[in-house]
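# 3D model of this:
(2 chains)
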2 protein chains.
Amino acid sequence: MRIILDAMGSDNHPDPEVQAAVEAARLFGDEIILVGKEEVLRPKLAALNAENLPVRIVHAPEVLEMTDKPARSARRKAQNSMAVGMDLLKAGEGDAFVTAGNTGGAMANALFRLGRIRGVKRPALATRFPTRKGYCVVLDIGANAECKPEYLLQFGVMGSVYAEEVLGVKQPRVGLLSNGEEAGKGNDLVKATYPLLEASGLNFIGNVEGKELFGGDVDVVVTDGFTGNVLLKASEAVTKLIVDTLKAELMASPRTKLGALLAKPAFDALKGLLDPSEIGAAPLLGIDGLVFVGHGRSDARALVSAIRAARQAVENDLLGKLGTAIAERLATQADKE
Amino acid sequence: MRIILDAMGSDNHPDPEVQAAVEAARLFGDEIILVGKEEVLRPKLAALNAENLPVRIVHAPEVLEMTDKPARSARRKAQNSMAVGMDLLKAGEGDAFVTAGNTGGAMANALFRLGRIRGVKRPALATRFPTRKGYCVVLDIGANAECKPEYLLQFGVMGSVYAEEVLGVKQPRVGLLSNGEEAGKGNDLVKATYPLLEASGLNFIGNVEGKELFGGDVDVVVTDGFTGNVLLKASEAVTKLIVDTLKAELMASPRTKLGALLAKPAFDALKGLLDPSEIGAAPLLGIDGLVFVGHGRSDARALVSAIRAARQAVENDLLGKLGTAIAERLATQADKE
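Sure thing, here's the model as predicted:
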């Protein structure tokens, strides 16, 4: 397998990327193609004694900055590391592309260079949320701030395939994020989407709220990219607030400090639950190529997780299965019309 | 001061309500008017030795059930406890109305019986979220699933007045909940609301995310009732997931159990931060009367907090000040046109 890694994506690039490339090559035995400024990457790679590992550098002279306009970054002759990396994917020189760069840039470049799976109206960014019982796939978490009911229906289809093929969930339960569990609750978009999901043939369980999502009672949660993004960021911020407050309180007295020391195994277990670097990266479902977008704050460990997620998608032929599922859905719809 | 308390609102009514009425009367010295089935309430009140306290019962023969249609519950001759209680408020027999009953029912009854403050397009449900530095007012958290930019502008005005008058925040910082901090981020509603808030004369700080909200970097967060409700419920669910997981992990071994015992003061401090019963109840801002809606799961302690919130609103003449602020805003707008 060959994974293409954007070496200039994360906030602290390229150190986490170079380190992750070496670790992933060692761990998985895959070829890792690092895309970025060769003159910067070469000495960093050499310093890690990676001569015998299948890590290769492909030069990209430019770096996509946070301030760049996504659409401009994707122009025909763009030489930024995302554009060059996705061109490699398109040319068949790698099986998946992983970046910790900006989501808008990844989306624009992916749409321009790789295009959509036939029949897909809008690609969606899907991530896993930790739950009481494992993980829940939520999409869209930010690729499309404004959505139509047909997009959400497709998100349900793509999320189901992802949960089944990558997370190994049989007959994934699909829920529609709403402001109440009862059918009929929701804004106009949710109300119009509900009957589409109900008639979709998916294992649709109706409207869901945070309770079901984090309780582990649903496997795929469908929402528009605005609400999904608010949900994701609020969840992260609440977690941070609780963890930081608890840390400060535990350090407040010798007694609680001792308690914290003894209770350390419990806190460590909690850390595993909440650590975003366990999640790795979110796939851009619906793009005609496997593109995974990680958090800008990703460290080497998070990037190795991202590469692991990409590998699983390749191994399970996620792309082929998404194409088949979408094609089937379109055929069913055409039959009805 | 006289507070009208819906005795049949909470999931476990009327025990928490009767207990809260007695406690609040004792604590604040206010008259508490309990509205509900007299034959049920009378013996329960007698059992609490409240003869010398200013707790009065007003009979309401019906109870608004969760399955009742909100609009029907508000019909002219409705005899449910919410309708009767709000009629008392309208008639000037109390200064504020508090209920832990269903939000839709409270909204419908309030609109029908009390009406809106002159100039208000849509009342909004406002709640306080705990933050790193205190509290943040978020509105709307569920009264209006579908909103227009003008509504959100008014939510900003009403939220500011609430933060200033009830929470004592000078020049409250108002933020617009979005999927990115940069101006220009957002769905269509957010993009159309941004310039209105910018020109509003409020202390508008731009788009905000969960980070700013829970970090305590904003005092009032404006959003539509769908997104606000998703935000609220997700925050509650994440908190519950973390607390439950931590509890289970702490009980997993004798060592961590001992640690938990020693660290108890830290956990207690955390509890204060997260306890919804500290928050009490959310005001329906924009209704021409002080109506506070508490959580259905409220216990007596939460209801006492709700009564405390209502008292503060009465003491600070929240209603008068909202009316003035809205009138000023409308006059400014008329001048511009």
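# Point out where the stretch 51-200 of chain A drops to low pLDDT.
Applying pLDDT under 70 to the stretch 51-200 of chain A flags residues A:66-67, A:76.
# what helix or strand is A:L176 on?
Using DSSP states H and E, A:L176 falls within strand A:173-177.
# The helix or strand just after that strand - contacts with which helices or strands?
Once strand A:173-177 ends, the next helix or strand along the chain (criterion: DSSP H and E) is helix A:188-198. In terms of contacts (3 or more CB pairs under 8 Å, 6 or more residues apart in numbering or on different chains; DSSP states H and E), helix A:188-198 is packed against helix A:149-165, strand A:173-177, strand A:203-208. In short, each C-beta sits where N, CA and C put it, glycine included.
# give me that answer again for 6 Å
Judged by 3 or more CB pairs under 6 Å, 6 or more residues apart in numbering or on different chains; DSSP states H and E, helix A:188-198 is in contact with helix A:149-165.
# and for the helix it packs on, what are the contacting residues?
Here helix A:149-165 makes contact (CB atoms under 6 Å, 6 or more residues apart in numbering or on different chains) with A:121-122, A:124, A:126, A:137, A:139-140, A:169, A:172, A:174, A:192-193, A:196-197, A:202, A:219-220, A:222, A:285-286, A:316, A:318, A:321-322, A:325, A:329.
# Now which of these would you call buried?
Among the contacts of helix A:149-165, the ones that count as buried by 16 or more other CB atoms under 10 Å in any protein chain shown are A:121-122, A:124, A:126, A:137, A:139-140, A:169, A:172, A:174, A:193, A:196-197, A:202, A:219-220, A:222, A:285-286, A:316, A:318, A:321-322, A:325, A:329.
# follow-up on the earlier one: now the strand holding A:L176 and helix A:188-198, what's the angle there?
160 degrees (axes from the mean of the first three to the mean of the last three CA atoms, to 10 degrees).
# So what's the gap between strand A:173-177 and the chain middle?
Relative to its chain's centre, strand A:173-177 lies at 18 Å (CA atoms, centre = their mean, to the nearest Å).
# Only C-alpha atoms, please: export that strand in CSV.
What follows is strand A:173-177, C-alpha atoms only, in CSV (Å, rounded to 0.1, in the frame of the first residue of the first chain):
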residue,chain,number,x,y,z
ARG,A,173,-28.4,2.6,12.8
VAL,A,174,-28.8,6.0,11.1
GLY,A,175,-30.2,9.0,13.0
LEU,A,176,-31.1,12.5,11.9
LEU,A,177,-29.7,15.2,14.3
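# ok, it: who's next to it in the sheet?
strand A:203-208 (parallel), strand A:220-222 (parallel) (DSSP bridges).
# Outside of the last one itself, list whatever touches it.
With CB under 6 Å, 6+ apart as the contact definition, strand A:220-222 has outside contacts at A:136-138, A:152, A:155-156, A:159-160, A:163, A:172, A:174-177, A:213.
# Recalculate using a threshold of 8 Å.
A:129, A:136-139, A:152, A:155-156, A:159-160, A:162-163, A:172-177, A:193, A:197, A:208, A:213 (CB atoms under 8 Å, 6 or more residues apart in numbering or on different chains).
# Now do the following helix or strand past it against helix B:225-250, angle only.
Per DSSP H and E, the first helix or strand lying C-terminal to strand A:220-222 is helix A:225-250. Interaxial angle of helix A:225-250 relative to helix B:225-250 (the same axes, to 10 degrees): 40 degrees.
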